[in-house]
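**Q** the following block contains a protein sequence and its predicted model.
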Amino acid sequence: MAEEVREETSPPPQVAKAHPAGQRLIWLIVVLALLGTLLGLLALGLQPRTSATLQGKPAPPFEITAINGEFAGQKFSLADLRGHIVVLNIWASWCVECAREATVLEQAWRTYRSRDVWFIGVDYLDTDTAGLAYLKRFNITYPNGPDIGSRIYQAYRATGVPETFFIDRDGIVQHVQIGPIGQTQLDALLNRLLNQGRSRP
Amino acid sequence: MSGVLRTALRCLAFSSFVLVLALAWDVSGALAQTPSPDEINRVAKMLSCPTCAGINVADCPTETCAQWRAKIGELLAEGKTDQEILEYFAARYGDHVLQVPPTRGFFLGVWIVPILAILAGLGTFGYLVHRWTQRSVVREIPAVPGDIVEDEYVRRVEQELQLWQKK
């Protein structure tokens, strides 16, 4: 009986709804898009962005203007140094650990300079007076310049000082040294990079 | 002879007087150019300590901040304005060293996003209030005689009753 009634009666009228289906769908899409954006940003923020992740990847470009010794006033960029082995050291005069490796780096520069290895010092968050005093104190002769706008520090995702990047002739970061480096390790790394160059066809 | 000596003494006294005046002028000038700790701290308070979190350069005890305060002193002594000094530090070390973010580049978002968020919030609130008030009006409609919704239900009820009576 009830079925008959259903047949006879017209379908219930479309009552005007406060949320039509289309409007609900739009709201759903908007909310999902916002959630997606938020999750995307969160994922981006959670990604490790430390200097160590640069290992094996192309070194970010840099340019410094040297302030010391025979190189004072000269510009040095990664593009100009392509084809050479580059040891990029980020330091600061107020950094105690940097002072521990200063003489090691200078000694290595003097040893490896003739073997096509360039040492570049990047002075991070220093005043020129303090930076120059530090270079003079350790008698550092390889090119050093201020990190204008902290751009090199950020591009290399450094998390502190000192950090040293060993870049091969192709511009690839082969090793990232976080913290001070010792003579033995420095020699081993540079010899590996120099031999890598020889073995290349 | 005594006349010559007197003249020489007068010349010496005059020279000494001029020398003392010149020295006094120079010293006062130098003193005027040396910024006081308060002046240095006024600028230092507008810069963030680069190696620590949440501290301005004036209150920060690190060596870096001491160097920066000395640099601020140097720049003030050169006659630079506060704004020029802040611009020097921002250019030299990056915009993140400023306590008040600049209205350019990435930091522009720090100013714009909150305003947009407030506007979006107000807009959403206004829309919701509008919708709620509309809803309450719609709910009142069935009470009005002759409403199409009520009529339809009445019609269906009557249909059902008629069918039931026929039965």
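**A** Arrived safely, thanks for sending.
**Q** how about the spatially most central residue of chain B: what's its closest non-neighbour residue?
**A** Among the residues of chain B, the one closest to the centroid is B:Val100, at 3.9 Å (C-alpha atoms, centre = their mean). Nearest non-adjacent residue to B:Val100, counting by C-beta to C-beta, 6 or more residues apart in numbering or on different chains: B:Met46, 6.9 Å away. C-betas here are computed from N, CA, C, even on glycine.
**Q** which phi and psi does that neighbour have?
**A** phi -90, psi 0 (degrees, to the nearest 10).
**Q** burial measure for it, as a count.
**A** Here the count is done by other C-beta atoms under 10 Å in any protein chain shown, and B:Met46 has 20 residues near it.
**Q** so B:Leu116 sits in a helix?
**A** Yes: counting by DSSP: H, G, I helix; E, B strand; the rest coil, B:Leu116 is found in a helix.
**Q** burial measure for it, as a count.
**A** 11.
**Q** and it, how far from B:Phe17?
**A** From B:Leu116 over to B:Phe17 the distance is 70 Å, taken as C-beta to C-beta, to the nearest Å.
**Q** enumerate every residue touching the residue nearest to B:Val100.
**A** B:Asn56, B:Asp82, B:Leu86, B:Leu98, B:Gln99, B:Val100 (C-beta atoms under 8 Å, 6 or more residues apart in numbering or on different chains).
**Q** from what I can see the fifth one touches B:Asn56, true?
**A** Yes: applying C-beta atoms under 8 Å as the test, B:Gln99 and B:Asn56 come out as touching, 5.9 Å apart.
**Q** which one of these two has more residues nearby?
**A** B:Asn56 (15 against 12).
**Q** ok, that one touching B:Arg42?
**A** No: with contact defined as C-beta under 8 Å, B:Asn56 does not count as touching B:Arg42 (11.0 Å).
**Q** domain assignment for chain A?
**A** Domain ranges of chain A: A:20-48, A:51-199, per automatic domain parsing.
**Q** need the three-state assignment for A:Glu101.
**A** Assignment for A:Glu101 (three-state DSSP): helix.
**Q** next one: it from chain B, what distance?
**A** Remark: distance between A:Glu101 and chain B (C-beta to the nearest C-beta, to the nearest Å) = 18 Å.
**Q** show me what contacts that residue?
**A** A:Asn89, A:Pro162, A:Thr164, A:Pro180, A:Ile181, A:Gly182.
**Q** I'd like to know which elements the helix or strand encompassing B:Asp151 is packed against.
**A** Using DSSP states H and E, B:Asp151 falls within helix B:148-166. Secondary-structure packing of helix B:148-166 (3 or more C-beta pairs under 8 Å, 6 or more residues apart in numbering or on different chains; DSSP states H and E): helix A:2-8.
**Q** so for the helix or strand where B:Ala91 lies, mean pLDDT?
**A** Element membership for B:Ala91, per DSSP H and E: helix B:82-93. Taken as a whole, helix B:82-93 has a mean pLDDT of 96.
**Q** low-confidence regions, chain B specifically.
**A** Applying pLDDT under 70 to chain B picks out residues B:1-2, B:11, B:18-32, B:135-150.
**Q** quick one: the helices in it, in order.
**A** Assigned by DSSP state H, the helices in chain B fall at B:2-33, B:37-44, B:63-77, B:82-93, B:108-140, B:148-166.
**Q** what do you get for chain A?
**A** A:2-8, A:21-46, A:96-112, A:128-137, A:151-155, A:183-199.
**Q** buried ones in the second one?
**A** In this case it means helix A:21-46. By 16 or more other C-beta atoms under 10 Å in any protein chain shown, helix A:21-46 has no buried positions at all.
**Q** can you put the helices of chain A in TSV and add mean pLDDT and distance to B:Thr62?
**A** Output for these, formatted as TSV (pLDDT from 0 to 100; distance: least, C-beta to C-beta, whole Å):
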stretch	mean pLDDT	distance to B:Thr62
helix A:2-8	47	83
helix A:21-46	88	27
helix A:96-112	97	12
helix A:128-137	96	12
helix A:151-155	96	17
helix A:183-199	89	29
